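*Asks:* I would like the atomic coordinates for the input below:
(chains A and B)
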Amino acid sequence: MIRIVLPYHLRVLAHVGSEVELDVERPVTQCSVLDALEARYPMLRGTIRDQSTQQRRAFLRFFACERDLSHEPADTPLPDRVVSGHEPLIILGAIAGG
Amino acid sequence: MSQVRVLVGTRKGAFILTADGKREHWEVSGPHFAGWELYHLKGSPADPNRLYASQSSGWFGQLIQRSDDGGKTWEPVGNKFEYDGIPGTHQWYDGTAHPWEFKRVWHLEPSLTDPDVVYAGIEDAALFRSSDAGQTWQELSGLRGHGSGPGWQPGAGGMCLHTIILDPTDPARIFIAISAAGAFRSDDGGKTWQPINKGLYSKYIPNPTAEVGHCVHHVAMHPSRPGVLFMQKHWDVMRSDDAGDSWREISGNLPTDFGFVIDVHAHEPETIYVVPIKSDSEHYVHEGKLRVFRSRSGGNEWEPLTNGLPQSNCYVNVLRDAMAVDKLDECGVYFGTSGGQVYVSPDAGDTWSPIVRDLPAVLSVEVQTLA
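*Replies:* Below is the predicted model of the structure:
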């Protein structure tokens, strides 16, 4: 089971709590996790990555296991502790703006 | 008993203000979509319970929300706005070619007859249409494909298509306006377009009378006279009596003719309203006084409407989509400010009072007149 932490506004939008748990087929990558997340919560389509280009939105980051994975290729396998469910994949909004 | 429902989009959410026909006591609902920018909300004239809302954020992009119960509950619908074909380029601020990129939806215009049909004006400027209540969107690419498209340039607020007017007497006729390309008209349901900017004079562009390149801020029409258009341009208030084929200035005795909003009285097609703003360098009302100006002669002769509005130390702006009128026997006029006030006049502008004073900055105001 993959654990995902969403930023506040996306939790509200998807009507979920502090963490989402998803079954994701292996290999578990950023792309496959986001595919599964958007399939379960269609209202999130376009909010984390652009629907046409699949590029991560500029003001969001992907953290896990105390690492910034934002610039990893989307098909890179996520860390084992994320795949095993010990650590969440954290989707974080930039701390900026008024 | 008649009722009015005012839909307010702000920098930090949407608010719905309701009152009976007296428009004295208001119920305030919101914030809906708290923390998000709501550029525009509008109800379907064919089904007043069907509302559409443009919800966006710099972090999470664009969402479209739909309500089928007058704003009590909302459902996110389609938010994929993909340009038709290879988008190409327009001009950037520095004159270089810049790829067309979707940024946000500025304006939603529901069909006059079909609640499932709605148009969206977006940045970078293009017109989209949905015929399935917002689930999917298709570009009417004849507009962006107009020969002048590669030469369009953004205004300071972005290259936005912010005005969409549907002709109630001719379903094939649509008017739109873009900052800073100008106004355009389609006579075939949006397949082909022609610029309608003859008579506009903009000294901030190399050719002040160019066919395109004018920073049109807003256009308004009275439904009983769809050939008469009123325009608030960057500078100048303009009028056309031939569906945009030609324009003439009607700024007359306004203290300044810079501004954003313009609207028409619901029952008097020659009565129009503007809120003059000091200048394009100082986006707040002139002389610290919040004044709506009304012309009852279709322009040129303007009277300040001040009763109930602050007349000192006021430095707010009123953005292009932030004025609306209701259709009650005594026409109500509404506007929202960058300071978070929404004002109502239940007597066509003679007296004003705030419905709310402390909302986030107001981006848009629309009103529905309910039976």
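*Asks:* So which residues on chain A come close to chain B?
*Replies:* A:7, A:9-10, A:12-13, A:43, A:45-48, A:50-52, A:57, A:59-60, A:93-94, A:97 (Cβ under 8 Å from any Cβ of the partner chain). C-beta: built from backbone N, CA, C; applies to glycine.
*Asks:* In helices, which of the residues you listed appear?
*Replies:* Using DSSP state H, the subset of those located in helices is A:His9, A:Leu10, A:Val12, A:Leu13.
*Asks:* neighbour-wise, which of the residues you listed leads?
*Replies:* A:Leu10 (23 neighbours; other Cβ atoms under 10 Å in any protein chain shown).
*Asks:* surely that residue meets A:Gly46?
*Replies:* No - judged on Cβ atoms under 8 Å, A:Leu10 makes no contact with A:Gly46 at a distance of 11.2 Å.
*Asks:* follow-up on the earlier one: what's the farthest-apart pair in the ones in helices among the residues of chain A next to chain B?
*Replies:* The two members of these with the most space between them (Cβ to Cβ) are A:Leu10 and A:Val12, at 7.3 Å.
*Asks:* so what sits against both of those two?
*Replies:* Counting by Cβ atoms under 8 Å, 6 or more residues apart in numbering or on different chains, A:Leu10 and A:Val12 have no contacts in common.
*Asks:* Could you list the paired strands of the strand or helix carrying B:Met238 along with their orientation?
*Replies:* Using DSSP states H and E, the element containing B:Met238 is strand B:237-240. Sheet pairing of strand B:237-240 (DSSP bridges) gives strand B:229-233 (antiparallel), strand B:248-249 (antiparallel).
*Asks:* Quick check: which of these is buried the most?
*Replies:* Greatest average neighbour count among the strands paired with strand B:237-240 goes to strand B:229-233 (a mean of 27), per mean count of other Cβ atoms under 10 Å in any protein chain shown.
*Asks:* mean confidence for that strand?
*Replies:* Strand B:229-233 shows a mean pLDDT of 98.
*Asks:* for stretch B:96-109, same thing?
*Replies:* 95.
*Asks:* residues in contact with that stretch?
*Replies:* B:37, B:39-42, B:52-54, B:56, B:62, B:64, B:81-83, B:87-92, B:118-124, B:126, B:144, B:150, B:158, B:160-166, B:321.
*Asks:* Now that we're looking at residue 40, what pLDDT does it have?
*Replies:* Here I'm looking at chain A. 97.
*Asks:* wait, I meant chain B there
*Replies:* According to the model, B:His40 scores 98 on pLDDT.
*Asks:* Can you tell me the closest non-neighbouring residue to B:Trp152?
*Replies:* Spatial nearest neighbour of B:Trp152, chain neighbours left out: B:Ala181 (4.2 Å); criterion: Cβ to Cβ, 6 or more residues apart in numbering or on different chains.
*Asks:* residues in contact with the one you found?
*Replies:* B:Ala125, B:Ser148, B:Trp152, B:Gln153, B:Met159, B:Pro195, B:Val212, B:Gly213, B:His214.
*Asks:* Report the buried residues of the helix ranked longest in chain A.
*Replies:* Looking across chain A with DSSP H, the single longest helix is helix A:30-40. Across helix A:30-40, burial judged by 16 or more other Cβ atoms under 10 Å in any protein chain shown covers A:Gln30, A:Ser32, A:Val33, A:Leu34, A:Asp35, A:Ala36, A:Leu37, A:Glu38.
*Asks:* Could you do stretch B:338-349 as well?
*Replies:* Those would be B:Ser338, B:Gly339, B:Gly340, B:Gln341, B:Val342, B:Tyr343, B:Val344, B:Ser345, B:Pro346, B:Ala348, B:Gly349, for stretch B:338-349 by 16+ other Cβ under 10 Å.
*Asks:* what subset of those is also close to chain A?
*Replies:* Among the buried residues of stretch B:338-349, no residue lies close to chain A (Cβ under 8 Å from any Cβ).
*Asks:* In three-state terms, label the residue in the stretch 101-250 of chain B that chain A sits nearest to for me.
*Replies:* Ranking the residues of the stretch 101-250 of chain B by distance to chain A (Cβ to the nearest Cβ) places B:Phe102 first, at 8.1 Å. When classified by DSSP: H, G, I helix; E, B strand; the rest coil, B:Phe102 comes out as coil.
*Asks:* distance between stretch B:80-96 and the chain's centre?
*Replies:* 23 Å (Cα atoms, centre = their mean, to the nearest Å).
*Asks:* now the strand or helix carrying B:Ile176 and strand B:229-233, what's the angle there?
*Replies:* For B:Ile176, the host element (DSSP H and E) is strand B:174-179. If you take axes from the mean of the first three to the mean of the last three Cα atoms, to 10 degrees, strand B:174-179 sits at 10 degrees to strand B:229-233.
*Asks:* Up against chain A, what does the stretch 51-200 of chain B have?
*Replies:* Checking the stretch 51-200 of chain B against chain A by Cβ under 8 Å from any Cβ, the hits are B:Ser57, B:Gly58, B:Trp59, B:Phe60, B:Gly61, B:Gln62, B:Leu63, B:Pro76, B:Asn79, B:Lys80, B:Glu82.
*Asks:* Name the nearest of the residues you listed relative to B:Ser295.
*Replies:* Closest to B:Ser295, out of all of these and judged by Cβ to Cβ, is B:Gln62, at 36.8 Å.
*Asks:* Not counting its neighbours along the chain, what's nearest the closest one?
*Replies:* Going by Cβ to Cβ, 6+ apart, B:Gln62 has B:Ser56 as its nearest residue, at 4.7 Å.
*Asks:* ok, now B:Lys198?
*Replies:* Take B:Lys198 and drop its neighbours on the chain: the residue closest to it by Cβ to Cβ, 6+ apart is B:Ser246, 5.0 Å away.
*Asks:* neighbouring contacts of the longest helix of chain A?
*Replies:* Against helix A:30-40 from outside (Cβ under 8 Å, 6+ apart): A:2, A:4, A:20, A:22-25, A:44-45, A:48-49, A:54, A:62, A:69, A:72, A:74-76, A:78, A:89.
*Asks:* 10 Å instead?
*Replies:* A:2, A:4, A:6, A:10, A:14, A:16, A:20-26, A:28-29, A:44-49, A:51, A:54, A:56, A:62, A:64, A:69-70, A:72-78, A:82-83, A:89, A:91 (Cβ atoms under 10 Å, 6 or more residues apart in numbering or on different chains).
*Asks:* quick one, what contacts residue 42?
*Replies:* Defaulting to chain A. Going by Cβ under 10 Å, 6+ apart, the list of residues near A:Pro42 reads A:Ala14, B:Pro76, B:Gly78.
*Asks:* switch to chain B, that's the one I care about
*Replies:* Contacts for B:Lys42 were tallied using Cβ under 10 Å, 6+ apart; they are B:7, B:9, B:50-54, B:107-110, B:118, B:164, B:321, B:324, B:364, B:366-368.
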